[in-house]
Every structure is written in structure tokens, then in C-alpha cells.
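Peer 1: Starting from these lines, generate the structure:
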Amino acid sequence: MQLEYSFGTFILIPFHCRMPRSRFDRLSPEKREQILRAAGREFAEHGYVGATMQAILSQAGISAGAAYYYFDNKADLFAAVIAFHMDVLLEPAMRAPAIQDRDSFWKAFLGSVELALGQKYDDHKLAAALRRAWMMSRELRERPEIAQQFERNELLLRDLVALGRKVGAIRTDLPCDLVVRCVLALNDAFDDWMADMPADTATAEVTHAIAAFRRFLEPDEVAIKHANTQDKERKAP
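Peer 2: Residues are numbered from 1 along each chain as shown. Next comes the predicted model:
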């Protein structure tokens with residue numbers, strides 16, 4: 001299955017990942033989601049090593065022999081869980097409004113943040129915990145199809161930076177690669193921080209953090225003017 005995600009005029013086509021056995025695809029969408037969400041909760045709460053197939057099956061309401069009927073092993077189940085949750089989190093990018101200028105860029109960006117804090121907060125928090133579980137498992141880190149799922153978000157962020165610079169929403173006085181690296185580092189730190197954050201304090205703290213990120217990313221007109229002046233002076237004969 002190949003899906004396309006867009007943010008404004010930018011399109012991301014994620015990698016093909018190793019899929020569960022075809023029997024799993026023949027289940028109803030509701031049953032597949034029930035199994036993957038149950039597994040996601042178990043992996044997020046107990047980590048990859050601590051999660052047990054018995055607990056996952058119990059939460060999902062399926063028989064003890066069903067897991068290996070649908071998946072080769074626990075790592076394949078984890079890979080399917082990550083693919084499912086990345087689909088859930090990146091799906092709003094498909095519906096993002098067209099971006100024409102700085103204002104529409106930040107409107108779309110902040111709208112996605114509001115969505116993450118609202119109806120998708122639990123999914124975002126769970127995905128952050130799953131990423132932590134992946135980082136802590138050497139076995140999982142050696143599975144390229146899992147790493148490729150997380151890279152979908154990295155590719156989206158890279159395209160967002162490029163789009164933001166194009167429409168004047170993100171500063172251009174720093175090298176693009178440096179800004180991208182800062183955004184990726186902030187995103188990783190944000191996810192790790194959010195995984196431990198109590199839900200009752202999330203909205204205010206995340207909103208404040210996003211505002212600080214925006215101040216860093218937005219063009220500093222004075223700094224840009226100074227940088228342009230210095231550049232002209234260096235090029236002057």
C-alpha cells in the first residue's frame with residue numbers, strides 16, 4: 001500500500017515497509033485497529049522487551065494463537081504498530097490548506113499543533129513513547145523498515161522548513177541545513193518531553209514551547225538586514 005501525504009504544495013511518499021502476513025489484511029479495519037492500538041499501548045507502557053504477547057492479545061480480545069497467525073514475531077508486530085501510528089499522525093498533512101505566504105504557513109502549522117493537543121493528543125503521546133521504546137532496543141534499531149517509518153516525519157519536517165523559507169515564514173539568515181538540524185533536534189526533544197508530560201498540563205506547556213520555537217524560526221528582520229549588509233561589504237571591491 002502506498003499513501004501520499006502533503007503539506008501545501010509539498011508531497012511525501014513514504015517508504016514501503018515490511019507488512020504483516022496477508023491474513024491480517026483480511027481482517028476488518030476495525031479489528032486491525034483494535035489489535036494495533038492494544039499492542040501500541042502495551043509497547044508504550046512496558047517497552048519492547050517488557051511487552052508480552054499475552055497482554056496484547058488479552059487487550060485486543062483475540063485468542064492466544066492468533067498473534068503468530070498474523071505476525072511472524074513480536075518485532076513484526078511492533079513494525080506494524082509504528083506504521084499504523086505514523087499514518088494516524090501524518091494523516092492531517094493530507095488535509096492541510098494550501099500555503100501561499102507566511103501567514104497561511106503559520107496558520108496551517110499551528111492548526112496541526114492544535115489538532116495534536118486536541119483529538120490526537122493521546123496518539124501523539126503514545127507515538128513518542130513508542131519511539132523511545134524503539135531507541136532502547138538494539139533489535140528494533142536494526143530493523144530498517146521501522147527506522148524508515150520514523151524517517152517519514154523527518155522528511156516532512158525537512159520539506160516544511162524548505163516551504164517555510166520559500167514563503168518567508170522561516171528565517172533564511174542561517175544555512176538551511178543548520179535550520180533543519182535544529183528543527184529535527186527540537187522535534188526529538190519535544191517528543192521525548194511529551195512522552196512524560198501529564199495530560200492536564202500539556203496544552204499550556206506545549207503552546208508556550210511552540211511559541212518559543214516560532215520565535216526562533218521566524219525571520220529576524222534586523223538580523224537579516226545586518227547579514228545582507230555584511231554580505232554586500234564582503235563582496236564590495
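Peer 1: Going along the chain, name the strands of this protein.
Peer 2: In order along the chain, the chain carries the following strands (DSSP state E): 5-7, 10-12.
Peer 1: Stretch 131-150: end-to-end distance?
Peer 2: Across its full length, stretch 131-150 reaches 8 Å end to end, with Cα to Cα, to the nearest Å as the criterion.
Peer 1: meant to ask about stretch 47-66
Peer 2: Between the opening and closing residues of stretch 47-66 we find a distance of 21 Å, counting by Cα to Cα.
Peer 1: buried ones in that stretch?
Peer 2: Residues of stretch 47-66 classed as buried under the neighbour-count rule (16 or more other Cβ atoms under 10 Å) are Gly47, Tyr48, Ala51, Met53, Ala55, Ile56, Leu57, Gln59, Ala60, Ile62, Ala66. C-beta: built from backbone N, CA, C; applies to glycine.
Peer 1: mind listing what the second one touches?
Peer 2: Pointing back at Tyr48 there. Taking Cβ atoms under 8 Å, 6 or more residues apart in numbering as the contact definition, Tyr48 lies against Lys74, Phe78, Ala133, Trp134, Met136, Ser137, Glu139, Leu140.
Peer 1: of all these, which comes closest to Phe84?
Peer 2: Phe78 (10.7 Å; Cβ to Cβ).
Peer 1: Test my guess that that closest one contacts Glu42.
Peer 2: No. At 10.1 Å, Phe78 and Glu42 do not qualify as touching, with contact defined as Cβ atoms under 8 Å.
Peer 1: Tell me where this protein has helices.
Peer 2: For the chain, the helices identified by DSSP state H occupy 22-25, 29-50, 53-60, 67-70, 74-90, 102-117, 121-135, 138-141, 144-166, 176-195, 199-217, 221-235, in order along the chain.
Peer 1: Where among these is average confidence lowest?
Peer 2: Among the helices of the chain, helix 221-235 carries the lowest mean pLDDT, a mean of 59.
Peer 1: what's the neighbour count on Pro92?
Peer 2: Taking other Cβ atoms under 10 Å as the criterion, the count of residues near Pro92 is 17.
Peer 1: any idea how far it is from His208?
Peer 2: Counting by Cβ to Cβ, to the nearest Å, the gap between Pro92 and His208 amounts to 22 Å.
Peer 1: same deal with Ala80?
Peer 2: From Ala80 to His208 the distance is 35 Å (Cβ to Cβ).
Peer 1: again with Arg131
Peer 2: Taking Cβ to Cβ as the measure, Arg131 falls 23 Å from His208.
Peer 1: Between these two, tell me which one has more neighbours.
Peer 2: Counted by other Cβ under 10 Å, Arg131 and His208 do not tie: Arg131 has more neighbours, with 21 against 9.
Peer 1: residue nearest the centroid of this protein?
Peer 2: Closest to where the C-alpha atoms of the chain average out (Cα atoms, centre = their mean) is Asn153, at 4.3 Å.
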